[in-house]
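J.: no sequence on this one, just coordinates:
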């Protein structure tokens, strides 16, 4: 029996702010000692009143604009009531029936559009650390440093139909949020957390099946694996003619399967009501327009333009739109010229030499233009490669020589004698010497074996110390 999977994702993104959502406590870092970034507000002491963080609101606005959402000028905070040790007030301040933004969308690399139901502001809960041993030693510690951190929850419509689509959506969402600089989206630090809602139905049916939620997935791969496992589990249940329990589950990485956590809550279980200690959030037109202007194009849209206008592959376009810093540097490189040959060489240097060097030196995104080779020097190398002035081997050497920008590529070529020779008479003499030294390879080459020229070309490159233009070498060899 064929089943169709129907998947929606709820993403919690920690916004990049200096302080927490409703108090002046610093936004806690991972290495901060437990329970040191806390105050009466974020620990829920009686009489302590919340005060909204404007920076979090403006970050959320940029995210909503980048996700093509309709932004509400008037939104309301609500209390989401539930009891758990990591929630000191026994309620979470969130948004419910009047969220900040609704009805957005995000386009996947495949071209499929995933609708975004809503994006709303809320505060994070504390961090629970479970120590599980013998019955006498089982205990849980709670660190309130994270409590009150500003979150944006982004809820998709159930438009995703496979684990790969879910993976692509998460990847594109992360890239978009980093593009507008609202979050670093580092899953290892809990800055992006993913919950999956999944149900199955017979192929072709319109009615949704019973929904299961998988919570707290800590990587995109875990989300993909959990979805595949859950599709298999639910398919087996339906094939046996049994009913799927509407519950909340966790992903067991070791066993590669989902395990039950608790029965699934419904919205009415949380007894939402308007937050009495916070007034409605009222935005003005200038704040909304500023957010819209800062998010005119998503990285996906910019990447598509590069594919169309600069003939980049989708993989290359995605790499140079990974974040604003990389893209700003790339734009400065290609602004030197739009010559197709030089541009192609620039992209090759970008994808191989530049990224490898950035990773080797562990250069931060924000430091690229300050610490890397100047964009004009990178393009100068690309132009010399395209014109045949230097070989690809020389380009690698020059890239290292010019990395600290103490010397220009043109000066380095002269200083180190790396200019490629295009002297046809000189090269022909080297080629004839190589043919004489490799008669068997030459005979095979004449007989039509293109790969047999390897020893001959290698001889020429060694003889010329890498300076012979390989295109001219090949032309002369064919002529001979």
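T.: Ah, there it is. If you're wondering where the values come from, they're calculated on a predicted model, not measured in any experiment. Numbering: from 1, shown residues only.
J.: longest helix anywhere in the protein?
T.: When the chain is parsed with DSSP state H, its longest helix is helix 220-239.
J.: Buried ones in the helix or strand following that helix, by neighbour count?
T.: Next helix or strand after helix 220-239 toward the C-terminus (DSSP states H and E): strand 247-252. Of the residues in strand 247-252, 248-249, 251 count as buried by neighbour count, 16 or more other CB atoms under 10 Å. Bear in mind the C-beta positions are built from the backbone N, C-alpha and C, glycine included.
J.: still on that earlier bit, can you list the buried residues in the longest helix of the chain?
T.: Quick answer for helix 220-239 (16+ other CB under 10 Å): 220, 222-231, 233-234, 238.
J.: any idea of the mean pLDDT for it?
T.: What helix 220-239 shows for mean pLDDT is 93.
J.: Show residues contacting that helix.
T.: With contact meaning CB atoms under 8 Å, 6 or more residues apart in numbering, helix 220-239 is reached by 1, 3, 5, 7, 9, 162-164, 166-167, 170-171, 187, 194, 196, 198-200, 209, 212, 214, 217, 243-244, 249, 251, 253, 256-258.
J.: Distance check, residue 4 against residue 117.
T.: Separation of residue 4 from residue 117 (CB to CB, to the nearest Å) stands at 20 Å.
J.: quick one: which of these two has more around it?
T.: residue 117 (18 against 15; other CB atoms under 10 Å).
J.: what does stretch 371-386 rub up against?
T.: 329, 332-337, 339, 341-346, 348-350, 354, 357-358, 361, 363, 369, 390, 392, 395, 398-399, 402-405, 408-410, 413.
J.: any weak-confidence spans in the stretch 201-350 of the chain?
T.: The model of the stretch 201-350 of the chain has pLDDT under 70 over residues 264-268.
J.: Please enumerate the helices of it.
T.: Per DSSP state H, counting those that start in this stretch, the stretch 201-350 of the chain carries helices over the ranges 220-239, 285-294, 299-310, 314-319, 324-334, 340-349.
J.: got these as TSV, with distance to residue 468 columns?
T.: As requested, the helices of the stretch 201-350 of the chain are arranged in TSV below (distance: least, CB to CB, whole Å):
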stretch	distance to residue 468
helix 220-239	47
helix 285-294	51
helix 299-310	31
helix 314-319	30
helix 324-334	28
helix 340-349	19
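J.: out of those, which comes closest to residue 22?
T.: Residue 22 lies closest, by CB to CB, to one member of the helices of the stretch 201-350 of the chain: helix 285-294, at 19.5 Å.
J.: From the contact counts, what lies against that closest one?
T.: The contact analysis (3 or more CB pairs under 8 Å, 6 or more residues apart in numbering; DSSP states H and E) places helix 285-294 against helix 54-66.
J.: Please spell out which residues along the helix it packs on are buried.
T.: 55-66.
J.: Equivalent analysis for stretch 7-18, please.
T.: 7-17.
J.: which pair in these spans the largest distance?
T.: Farthest apart among the buried residues of stretch 7-18 - using CB to CB - are 7 and 17, which lie 30.5 Å from each other.
J.: domain parsing for the protein?
T.: As recorded under automatic domain parsing, the domains making up the chain are 3-287, 297-403, 424-479.
J.: how about a markdown table for the ones you listed, with distance to residue 418 added?
T.: Converted to a markdown table, the domains of the chain look like this (distance: least, CB to CB, whole Å):
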| stretch | distance to residue 418 |
| --- | --- |
| domain 3-287 | 38 |
| domain 297-403 | 4 |
| domain 424-479 | 8 |
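J.: Okay, and residue 471 sits in which element?
T.: Residue 471 belongs to helix 470-479, assigned by DSSP H and E.
J.: let me fix that: residue 458
T.: Using DSSP H and E, residue 458 falls in helix 454-463.
J.: contact partners of that helix?
T.: 427, 430-431, 433-435, 437-438, 441-442, 445, 468, 470, 473-474, 477.
J.: Among the residues you listed, name the buried ones.
T.: Among those, the ones that count as buried by 16+ other CB under 10 Å are 427, 430-431, 434-435, 438, 441-442, 445, 468, 470, 473-474, 477.
J.: OK, contacts around residue 91?
T.: 79-82.
J.: Now list the buried members of the residues you listed.
T.: 79-80.
J.: now the contacts of residue 91 in JSON lines, with pLDDT?
T.: Formatted as JSON lines, the contacts of residue 91 follow (pLDDT from 0 to 100):
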{"residue": "79", "pLDDT": "95"}
{"residue": "80", "pLDDT": "94"}
{"residue": "81", "pLDDT": "93"}
{"residue": "82", "pLDDT": "88"}
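J.: that older thread, buried among the contacts of helix 220-239? Need that as a selection in PyMOL.
T.: Here is the PyMOL selection string for the buried members of those, based on 16+ other CB under 10 Å:
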select buried, resi 3+5+7+9+163+166+167+170+187+194+196+198+199+200+209+212+214+217+249+251+258
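J.: ok, residue 83 to residue 41 distance?
T.: On the measure of CB to CB, residue 83 and residue 41 end up 19 Å apart.
J.: ok, those two, which is more surrounded?
T.: Neighbours per residue (other CB under 10 Å) separate residue 83 from residue 41, with residue 41 holding more: 21 against 7.
J.: For the nearest residue to the more buried one once chain neighbours are set aside, list the residues it contacts.
T.: Nearest non-adjacent residue to residue 41, counting by CB to CB, 6 or more residues apart in numbering: residue 23, 3.7 Å away. With contacts defined as CB under 8 Å, 6+ apart, residue 23 is in contact with 39, 41-42, 50-51, 148.
J.: doesn't residue 23 fall inside a strand?
T.: No - Residue 23: not assigned to a strand; according to DSSP: H, G, I helix; E, B strand; the rest coil it is coil.
J.: re the thing from before, quick one: buried residues of the helix holding residue 458?
T.: For helix 454-463, the neighbour count (16+ other CB under 10 Å) marks 455-457, 459-461, 463 as buried.
J.: No further questions, thank you.
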